[in-house]
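Colleague: Give me the fold of what follows.
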Amino acid sequence: MEEKIKIDHISSPLVSIIIPIYNGEHFIKRCLDSVISQSYINIEIICVINGCDDDSEEKVKNYKNIDHRIKIVTIDKNDLGLACNLGLELSRGEYISFIDIDDWVQENYIIKLLSGVNKGYKICKSNMELYDGVNKKSVYSNKREGKYSLLNLSWLLPCRQAAIYKKTLFQHISYLEDSYYEDLATWPLLLKQVEHIYYINDTIYTYNKTNSNSIMSMRSSKHLVLDKVFNHIFSNMCDTVNKEINILITSLFIQAFWSNNIYLIDSSKKNKEYLKRLKKVIKGKLIGYYYIVNTLDISNEQKEVMIKFYDNE
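Modeller: Numbering: from 1, shown residues only. This next block holds a predicted model:
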């Protein structure tokens, strides 16, 4: 076990760890045990209990009684974007990190991430492992540790977890509320404020795939909200955004729509209206769309379908 470092408020800044909690009673012990045992101790732990109808709140209160760094806020609405925004509003730290209640982290999680931002970066991301109840598998393979430009980040998942952020990045942006894909809607807005991020290849975050209540475990028409997501992105971008961010946004759309959304769309009137709204939002704004599609390792027939979709109103 690593020694816990002594607090020095100059060299050891406060880190706010935000944990949104929705019906997480079965996961609280493993998650909070991993957080309160961090070898970096100058942290505050903000638990945002949103819309729970289980014993999550009572279980978190028990932890608060043994660790004064835990803060609890409760809201009636189950809204992950709102929970993240409320956590940010209440945070006092110079740096922000998000952990989902069904996940857990290694003891050196915060120290490792801080080592990246201490090199002069405002965002540090790490590798993470997926856990299916039996096996664990690293999300990223054959990636080197170091700095990455925005143009070389299309492989990195647009998720808030397994990362640390300078809090000032959130000064003028917020997570999308009342919608899925709140991470996707916010990720480009964070990146537009930096030139590079630092990546650590250590798997210090475990993403738990066994939670049946997880949004990512559910696949339904509720995920057909990319019109709202990309409208949020474009409405928060200015005309002077550099080309790298524009291309990254295009890559994110291709991944989100053609890898996930497309399989949920049928020929119903409701879904046709969704596609109409979506095309209106993205029309003329996906820089490099044709180039990226033509570089994909797919059949020419698939490429034609993707290009025709973007060409047709």
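
Colleague: starting at the chain centroid, how far to the longest helix along the chain?
Modeller: Counting residues, the longest helix in the chain under DSSP state H turns out to be helix 243-259. In terms of Cα atoms, centre = their mean, to the nearest Å, the centre of helix 243-259 is found 15 Å from the chain centre.

Colleague: contacting residues around that helix?
Modeller: Outside helix 243-259, the residues that touch it by Cβ atoms under 8 Å, 6 or more residues apart in numbering are 149-151, 153-154, 158, 181, 184, 187-188, 191-192, 226, 229-230, 233, 237, 278, 282, 285-289, 292-293, 296, 306. In this view, the C-beta of every residue, glycine as well, is placed from N, C-alpha and C.

Colleague: Where does the prediction get shaky in the stretch 101-250 of the chain?
Modeller: Along the stretch 101-250 of the chain, the model assigns pLDDT under 70 to residues 212-220, 239-241.

Colleague: Pull the contacting residues for residue 232.
Modeller: Residues near residue 232 by Cβ under 8 Å, 6+ apart: 176, 185.

Colleague: quick one: it from residue 100, how far?
Modeller: Going from residue 232 to residue 100 by Cβ to Cβ, to the nearest Å gives 21 Å.

Colleague: Repeat that for residue 92.
Modeller: Taking Cβ to Cβ, one finds residue 92 at 21 Å from residue 100.

Colleague: which one of these two has more residues nearby?
Modeller: residue 100 (24 against 10; other Cβ atoms under 10 Å).

Colleague: Could you pull up the residues touching residue 82?
Modeller: Neighbouring residues of residue 82 by Cβ under 8 Å, 6+ apart: 50, 75, 175, 177, 178.

Colleague: most neighbours, which of these?
Modeller: Result: residue 175 is most packed of the contacts of residue 82 (other Cβ under 10 Å), 25 neighbours.

Colleague: quick one: secondary structure of it?
Modeller: coil (DSSP: H, G, I helix; E, B strand; the rest coil).

Colleague: in the stretch 101-250 of the chain, which spans are helices?
Modeller: Using DSSP state H, counting those that start in this stretch, the helices of the stretch 101-250 of the chain run over 109-117, 182-191, 226-235, 243-259.

Colleague: With distance to residue 27 added, can I get those helices in CSV?
Modeller: Below are the helices of the stretch 101-250 of the chain laid out as CSV (distance: least, Cβ to Cβ, whole Å):
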stretch, distance to residue 27
helix 109-117, 16
helix 182-191, 19
helix 226-235, 27
helix 243-259, 26
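
Colleague: can you count the residues close to the nearest residue to residue 274 once chain neighbours are set aside?
Modeller: The shortest distance from residue 274 to any residue other than its chain neighbours is 5.1 Å, reached at residue 224 (Cβ to Cβ, 6 or more residues apart in numbering). Neighbour count of residue 224, defined by other Cβ under 10 Å: 19.

Colleague: was I right about residue 201 contacting residue 140?
Modeller: Yes. Taking contacts as Cβ atoms under 8 Å, residue 201 lies within contact range of residue 140: 7.2 Å.

Colleague: what sits in contact with each of these two?
Modeller: Joint contacts of residue 201 and residue 140 (Cβ under 8 Å, 6+ apart) are residue 127.

Colleague: Alpha carbons of stretch 268-283, as PDB, please.
Modeller: Extracted C-alpha coordinates of stretch 268-283, given in PDB (Å, rounded to 0.1, in the frame of the first residue of the first chain):
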ATOM      1  CA  SER A 268     -41.900   4.600 -38.000                       C
ATOM      2  CA  LYS A 269     -43.100   8.200 -38.400                       C
ATOM      3  CA  LYS A 270     -41.500   9.100 -35.100                       C
ATOM      4  CA  ASN A 271     -38.100   7.900 -36.200                       C
ATOM      5  CA  LYS A 272     -38.400   9.600 -39.600                       C
ATOM      6  CA  GLU A 273     -39.000  12.900 -37.800                       C
ATOM      7  CA  TYR A 274     -36.000  12.200 -35.700                       C
ATOM      8  CA  LEU A 275     -33.800  11.800 -38.800                       C
ATOM      9  CA  LYS A 276     -35.200  14.900 -40.300                       C
ATOM     10  CA  ARG A 277     -34.300  16.900 -37.100                       C
ATOM     11  CA  LEU A 278     -30.900  15.300 -37.000                       C
ATOM     12  CA  LYS A 279     -30.000  16.100 -40.600                       C
ATOM     13  CA  LYS A 280     -31.100  19.700 -40.100                       C
ATOM     14  CA  VAL A 281     -28.700  20.000 -37.100                       C
ATOM     15  CA  ILE A 282     -25.600  18.500 -38.800                       C
ATOM     16  CA  LYS A 283     -26.100  19.900 -42.400                       C
END
